[in-house]
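*Asks:* structure for this input, please:
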Amino acid sequence: MAHFCEVDENNVVIRVIVVGNDDVKNTNGEEEEAVGQAFCASLFGGRWLQTSYNNNFRKQMAQTGGSYNEGLDMFISPQPFESWTLSNTTGDWEAPVALPVDDKHYYWNEESLNWVELPDLLGETNVL
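*Replies:* Have a look, this model is predicted:
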């Protein structure tokens with residue numbers, strides 16, 4: 001199976017579909033993105049790009065609402081928070097404050113623009 005996504009004129013991912021392996025093979029029996037793109041366009045119209053379920057290329061699997069960055073040739077996930085910025089080298093969203101590096105668990109608080117430690121729900125007395 002091969003995965004393709006349709007992108008709009010702003011490179012926003014509209015939808016992701018799966019097509020059969022035979023639908024992406026050229027006349028020599030080799031898989032070719034252009035063949036899959038033409039197949040998808042013949043069914044639905046639009047502009048199609050191949051994406052990888054296993055993240056083998058273009059950084060990560062395309063997601064509806066995400067985007068395609070042509071300069072980096074990678075799919076970018078939707079922005080998780082308004083304060084986060086996109087790294088133009090890694091294609092990852094970065095918080096304005098680095099995640100603490102320790103054994104604790106955190107969540108991002110957009111209001112305070114900081115990481116907040118999650119409470120230890122198991123506690124240290126959870127011994128039988």
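*Asks:* residue ranges of the strands in the chain, please?
*Replies:* Remark: strands assigned in the chain by DSSP state E are 2-7, 13-19, 47-51, 67-69, 74-76, 85-86, 93-94, 106-109, 114-117.
*Asks:* let me see the domain layout of the chain.
*Replies:* In the domain annotation for the chain, the residue ranges read 2-78, 81-123 (automatic domain parsing).
*Asks:* mind putting the ones you listed into a markdown table with mean neighbour count and mean pLDDT?
*Replies:* Every residue, glycine included, has its C-beta placed from N, CA and C. Converted to a markdown table, the domains of the chain look like this (neighbours: other Cβ atoms under 10 Å; pLDDT from 0 to 100):
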| stretch | mean neighbour count | mean pLDDT |
| --- | --- | --- |
| domain 2-78 | 15 | 96 |
| domain 81-123 | 11 | 93 |
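*Asks:* and the residue nearest the centre of this protein?
*Replies:* By Cα atoms, centre = their mean, the chain has its centre lying nearest to S77, at 4.0 Å.
*Asks:* dump the residue contacts of that residue.
*Replies:* Neighbouring residues of S77 by Cβ atoms under 8 Å, 6 or more residues apart in numbering: Q60, Q63, G66, W93.
*Asks:* may I see those residues arranged in a markdown table, with distance to N26 as well?
*Replies:* Formatted as a markdown table, the contacts of S77 follow (distance: Cβ to Cβ, whole Å):
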| residue | distance to N26 |
| --- | --- |
| Q60 | 26 |
| Q63 | 28 |
| G66 | 28 |
| W93 | 36 |
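*Asks:* closest to E33 out of those?
*Replies:* Proximity of the contacts of S77 to E33 (Cβ to Cβ) peaks at Q60, which lies at 16.8 Å.
*Asks:* surely that closest one meets L72?
*Replies:* No. Using Cβ atoms under 8 Å, Q60 is not in contact with L72, being 11.5 Å away.
*Asks:* contacting residues for S67?
*Replies:* Applying Cβ under 8 Å, 6+ apart, the residues near S67 are V7, N10, N11, V12, V13, F75, I76.
*Asks:* look up how far T90 lies from it.
*Replies:* 15 Å (Cβ to Cβ, to the nearest Å).
*Asks:* over to P78?
*Replies:* In terms of Cβ to Cβ, P78 sits 16 Å off from T90.
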